[in-house]
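Peer 1: dropping the sequence and predicted coords here.
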Amino acid sequence: ARLVEAVERRGTTDPGAARQPAEEFLSRAADEVGLLVEHGGGQWGFLHAAFREFFAAAALHAEDRFEQAVDEHLYEPSWEEVIRLGAAYYVLVQKRSAKAEQFVEHLLRAASPAGWTWLGAVLRKQLGLASLVAADLGEALPLARRDAVAREFFDWTSSVPIEICERFWRQIAGSALACSVGPLYVAAIRDGDMRAAWRGAHAAVALGLREAAEPLQEIVREALDIAGRSQRDLVARPPERAIVAHTAVWALAGLGAYRSFPLLRRAVEEENPQFGRDAAHAIAQLWSPYHDLLVPEAVRQETARAFGQPGLVETADVLRRALAARNPGIRANAALALWEMGAAEAWDDLVPLARQDSDAEVRTAAAFALRGFATTTDRPMPPDVRWPSALGSTPVPATVPATTSGPEDDDVLLNRLRSDSVSKRVEAIRELGRRRSLVAALPLVRFFESADEHLPGSLIFHLNGGTTRMVVPEDEVRRALWSIAEAHPAARWR
């Protein structure tokens, strides 16, 4: 009906004869162009949301209302693509690069809506969006402006929860903005404090910063040297350094840093208690692409040598020896790594581990590897290695209630923010974020603003079962507020 009215307003057909051209347009748009799709009941929509978002941005530009609409909907997640496409419209359609630069600056300095100042003051959501727009504009944005945005983006990702950062890192990867911000993360790995180096390693993987491999290797090398000198030095070193060393091993594998193999091999062979198990898994990650893509052994060996990386036989030998390591984490990850690499010759080494290793995790890993090899090589599973009973544990339920007495209401969780236990405060913050409760927003903001009183100690570190985790209490508050903001766009509450 609306399309018929639009045709009538154009005055190109006789009154009352507008339905036929409207129906012809819809038919061609659906059947020939593939732009629209009928939803039933006379309702039509775009085949893909991107069409709707682009035409919404184009219409706003045609009516000269684009920036006004941006100010009204800046913090609404559903408007992010409209804003990004509208910014690109300045350059690609209107050929107004200077206006696009002004728009980026406008986003950076955007004010928060009334009553929602924490969106701009605490989360600074507008800065993340401005960075995405700058990445989209590419070299249409002057270098000086791009570098300035990169600096602000770097500072922002130094305080925003890592999960939020990763979303933005992946979206700007490969862009001109990534070229500007990349050196800042590499410098943070090389020269920054432990928290900055930890974030820099994550950024390097998400952005694909191969130049970060050298400072990451230096972190691993230093950790191995300290461990080799004396146990006293190892105990005395700050625990956060161990967290960063774990992350560096993971990042080297994520970056495909083949030249780090000697360091990783050293970590496994010396049974480094800090990250030997991570090194075993990283070795498999660096090698496994050749197992999947280059089947002939001769081709794999030649390709491995071309990249300065040992071939399957040499790599498997390192991991097979690691099956006898004192550290059960190294034994378990070596077993899994051998399976990931397709090193079926390790079968006889894995069978005794699956049968009688003293550690349940090692028995599980070895049984898993044997099950994989049995599937791919048609070898029968040893009769006394059963699956899945070899796992030795019951399945973890999909959801675990917060307490055995049932869900707690928001008031109980808000009161827990004043607990003497930092871990209880952190768990309360996480649960409030999971619930996306709007009533929790203001108390969380006040809690954040009094962080010196309520969050003593800026970092909490966990080294548990060979996995590493860094918990930053302030980040937990930001993460909870971000979840609330995503669930309750500001424009709905004006």
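Peer 2: Structure's in. What do you need? Numbering: from 1, shown residues only.
Peer 1: can we go C-alpha only for contacts and neighbour counts from here?
Peer 2: OK.
Peer 1: send the alpha carbons of stretch 271-279 over as CSV?
Peer 2: C-alpha atoms of stretch 271-279 as CSV (Å, rounded to 0.1, in the frame of the first residue of the first chain):
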residue,chain,number,x,y,z
GLU,A,271,59.5,-29.5,31.4
ASN,A,272,59.0,-25.9,32.2
PRO,A,273,56.4,-25.8,35.0
GLN,A,274,55.1,-22.4,33.9
PHE,A,275,54.1,-23.1,30.4
GLY,A,276,55.5,-26.4,29.1
ARG,A,277,52.1,-27.8,28.4
ASP,A,278,51.1,-24.7,26.4
ALA,A,279,54.3,-25.1,24.4
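Peer 1: can you tell me what sits against that stretch?
Peer 2: By C-alpha atoms under 8 Å, 6 or more residues apart in numbering, the list of residues contacting stretch 271-279 from outside reads 224, 227, 242, 245-246, 249-250, 264-265, 267-268, 270, 325-327, 329-334, 466.
Peer 1: would you map the strands across the chain?
Peer 2: 36-40, 43-46, 460-464, 467-471 (DSSP state E).
Peer 1: can you give me the end-to-end distance of stretch 208-217?
Peer 2: Terminal residues of stretch 208-217 lie 16 Å apart, using C-alpha to C-alpha, to the nearest Å.
Peer 1: pick out the shakiest of the strands of the chain, pLDDT-wise.
Peer 2: Among these, strand 460-464 carries the lowest mean pLDDT, at a mean of 37.
Peer 1: count of residues packed around Asp136?
Peer 2: 20 (other C-alpha atoms under 10 Å).
Peer 1: that one contacts Gly86, correct?
Peer 2: No - Asp136 is beyond contact range of Gly86, at 10.8 Å (criterion: C-alpha atoms under 8 Å).
Peer 1: what's the overlap in contacts for these two?
Peer 2: Common neighbours of Asp136 and Gly86 (C-alpha under 8 Å, 6+ apart) do not exist.
Peer 1: which of the contacts of stretch 271-279 are buried? Put it as a PyMOL command.
Peer 2: Selection of buried members from the contacts of stretch 271-279 for PyMOL, criterion 16 or more other C-alpha atoms under 10 Å:
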select buried, resi 224+227+242+245+246+249+250+264+265+267+268+325+327+329+330+331+332+333+334+466
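Peer 1: narrow the contacts of stretch 271-279 to those in helices?
Peer 2: 224, 227, 242, 245-246, 249-250, 264-265, 267-268, 329-334 (DSSP state H).
Peer 1: how many other residues sit next to the closest residue to Ser437 other than its chain neighbours?
Peer 2: Leaving out its chain neighbours, the residue that sits closest to Ser437 by C-alpha to C-alpha, 6 or more residues apart in numbering is Ile484, at 6.3 Å. Neighbours of Ile484 under the rule other C-alpha under 10 Å: 21.
Peer 1: wait, Ile484 touches Ile429, no?
Peer 2: No - the criterion here is C-alpha under 8 Å, and Ile484 misses it with Ile429 at 11.7 Å.
Peer 1: what residue is smack in the middle of this protein?
Peer 2: Taking C-alpha atoms, centre = their mean, the centroid of the chain lies closest to Glu166, which sits 3.7 Å from it.
Peer 1: ok, the nearest residue to that residue once chain neighbours are set aside to Ile330 distance?
Peer 2: The shortest distance from Glu166 to any non-neighbouring residue, by C-alpha to C-alpha, 6+ apart, is to Ala206 (6.6 Å). In this structure, Ala206 and Ile330 are 26 Å apart, going by C-alpha to C-alpha.
Peer 1: the bottom helix or strand of the protein by mean pLDDT?
Peer 2: Every helix and strand of the chain was ranked by mean pLDDT, DSSP states H and E. The lowest is strand 460-464, at a mean of 37.
Peer 1: quick one: Glu101 from Leu184, how far?
Peer 2: 22 Å.
Peer 1: just Val268 next, same as before
Peer 2: Val268 is 31 Å from Leu184, by C-alpha to C-alpha.
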